[in-house]
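**Student:** Based on what follows, work out the 3D shape:
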Amino acid sequence: MPKTPSTIYTLQFGLVCLSSFLFSASFNMLIPELPAYLSKMGGAEYKGLIIALFTLTAGISRPFSGKLTDTIGRVPVMAVGSLVCFVCGFLYPLLTTVAGFLFLRLIHGFSTGFKPTATAAYVADIVPTERWGEAMGVHSLCFSTGLAIGPAIGSAITDHYSINILFYCSSVFALASIVILANMKETLPGKEKFMFNHLKINRRDIIEWRVIPAVVIIFMSYISYGAILTVISDWSSHLGTSNKGLFFMVFTATSLLIRFVAGKASDKFGRTVIIRLSLLLLALSTVLIACSSSSFMLMSASALYGVATGMLSPSATAWTVDLSDPMYRGKAMATMYIALEAGIGLGALLAGWLFIDDISMIPVTFYCCSAVTILAFFYLHFLYKNTPKEHIA
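**Tutor:** Numbering: from 1, shown residues only. Alright, predicted model coming up:
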């Protein structure tokens, strides 16, 4: 397995970061426009399912993607995830009923069930152990740049052209991600040729129990993100923000600024130190979102939310790698993402259930998210005990 002893900045690392940027932009450019699109089809009461269905299939597919990542290789599994995004972009304009749309959201979720799992394992393969935090920070910076740019581009395309053009542009971004993957070297030693028995999953293939402490934190902390994906467009419009993608752009911009530093800090001071601080900031930011009475206040809360998630994401991912068995790194990443998707899905369902086009319920939604985040902090600070696997460089 190739390892670079002195630097993380290799051609392979650059290619995987660029592919992740294009992939994340591909599916996230749709997010701000889908609630209104579904409402026009007569499905306003199903807004909570836009994210929940997407995350459901993402979570279901994780055990499969984890097993395949550890058997047939990282690159093929990444390619499958991008391919799903490419196909779905062309199907949205064809399935124009509420049922068809919701079915497609289920299918689209397989993309994030496959690509991020294999990508995280790939990054851990090609960088030195003592720089995992830094590498995860840089990679997540690239992924998050796509998340930030995507919604702004999506809203602009829809405003100037049409939502169907937006769907086609999403496919183009996914196709570019696939082309890049074709030039990447496989890192899994002794990879196997795909056979259908690789799709047989037993209980041992689903969960990597070594990483459960990280999984608990990731699940609870991402509930707020599911709520944001579901109702922040309506909250932004209510507070006078013209571009529904602006919230995402602001929080991702601040997230980008902190990720590189946070990843290196977790390498130096320890993962749980940085994660505890990020949880406190995350709880505060969701309270500020709930209290916002103007677009400026909301964007300020968005900036703080970005700092919190920018600290949390690379530290929690690197912590998962620390706790995992190298032979089952794909399964460990899959377990982490199952928790992430479950948190997002639960947050989306909570927000959709509380909201139902009643704008006065949005603050209540974010107060609940803040309470859950505080519970995550209490678990990490008072219940979790550091082990020798807790990495400090």
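
**Student:** can you give me the strands in the stretch 151-300 of the chain?
**Tutor:** Here the stretch 151-300 of the chain has no strands by DSSP state E, counting those that start in this stretch.

**Student:** pLDDT weak spots in it?
**Tutor:** The model of the stretch 151-300 of the chain has pLDDT under 70 over residues 244.

**Student:** show me where it has helices.
**Tutor:** Per DSSP state H, counting those that start in this stretch, the stretch 151-300 of the chain carries helices over the ranges 163-181, 212-221, 223-238, 246-269, 271-291, 295-323.

**Student:** L83 is nearest to which of these?
**Tutor:** Nearest to L83 among the helices of the stretch 151-300 of the chain is helix 163-181; the distance by C-beta to C-beta comes to 6.2 Å. Placement of C-beta: from N, CA and C, glycine included.

**Student:** Now do the buried residues in that closest one.
**Tutor:** Buried residues in helix 163-181, counted by 16 or more other C-beta atoms under 10 Å: 163, 166-167, 169-171, 173-178, 180-181.

**Student:** And the furthest pair within these?
**Tutor:** Most distant of those, by C-beta to C-beta, are I163 and L181, 27.7 Å apart.

**Student:** rewinding a little: need the helices of the stretch 151-300 of the chain in a markdown table with distance to T10, can you?
**Tutor:** Converted to a markdown table, the helices of the stretch 151-300 of the chain look like this (distance: least, C-beta to C-beta, whole Å):
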| stretch | distance to T10 |
| --- | --- |
| helix 163-181 | 15 |
| helix 212-221 | 26 |
| helix 223-238 | 31 |
| helix 246-269 | 17 |
| helix 271-291 | 24 |
| helix 295-323 | 18 |
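
**Student:** Which of these sits closest to A351?
**Tutor:** helix 223-238 (4.0 Å).

**Student:** Centre of the chain to that closest one, how far?
**Tutor:** How far helix 223-238 lies from its chain's middle: 15 Å, per C-alpha atoms, centre = their mean, to the nearest Å.

**Student:** Now do it against helix 271-291, angle only.
**Tutor:** 30 degrees (axes from the mean of the first three to the mean of the last three C-alpha atoms, to 10 degrees).

**Student:** Check which helices and strands helix 223-238 is in contact with.
**Tutor:** In terms of contacts (3 or more C-beta pairs under 8 Å, 6 or more residues apart in numbering; DSSP states H and E), helix 223-238 is packed against helix 34-40, helix 47-69, helix 246-269, helix 271-291, helix 295-323, helix 329-355, helix 362-378.

**Student:** The ones you listed: which one's closest to F194?
**Tutor:** Nearest of the helices and strands packed on helix 223-238 (C-beta to C-beta): helix 47-69, 7.6 Å.

**Student:** Which strands or helices does the closest one pack on?
**Tutor:** Looks like helix 47-69 contacts helix 34-40, helix 74-91, helix 98-126, helix 223-238, helix 329-355 (3+ C-beta pairs under 8 Å, 6+ apart).

**Student:** can you redo those as TSV with mean neighbour count and distance to L312?
**Tutor:** Conversion of the helices and strands packed on helix 47-69 to TSV gives the following (neighbours: other C-beta atoms under 10 Å; distance: least, C-beta to C-beta, whole Å):
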stretch	mean neighbour count	distance to L312
helix 34-40	18	25
helix 74-91	22	23
helix 98-126	23	15
helix 223-238	24	10
helix 329-355	25	11
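
**Student:** Minimum distance to R203: which of those helices has it?
**Tutor:** helix 329-355 (11.9 Å).

**Student:** how far does stretch 264-277 sit from the chain's center?
**Tutor:** 20 Å.

**Student:** Please apply the same query to stretch 50-62.
**Tutor:** 12 Å.

**Student:** in it, what counts as buried?
**Tutor:** In stretch 50-62, counting by 16+ other C-beta under 10 Å, buried: 50-59, 61-62.

**Student:** now these as JSON lines including pLDDT and distance to W132?
**Tutor:** JSON lines is the format used below for the buried residues of stretch 50-62 (pLDDT from 0 to 100; distance: C-beta to C-beta, whole Å):
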{"residue": "I50", "pLDDT": "83", "distance to W132": "33"}
{"residue": "I51", "pLDDT": "76", "distance to W132": "29"}
{"residue": "A52", "pLDDT": "78", "distance to W132": "31"}
{"residue": "L53", "pLDDT": "85", "distance to W132": "33"}
{"residue": "F54", "pLDDT": "85", "distance to W132": "28"}
{"residue": "T55", "pLDDT": "77", "distance to W132": "26"}
{"residue": "L56", "pLDDT": "83", "distance to W132": "30"}
{"residue": "T57", "pLDDT": "86", "distance to W132": "29"}
{"residue": "A58", "pLDDT": "82", "distance to W132": "24"}
{"residue": "G59", "pLDDT": "79", "distance to W132": "24"}
{"residue": "S61", "pLDDT": "85", "distance to W132": "25"}
{"residue": "R62", "pLDDT": "82", "distance to W132": "21"}
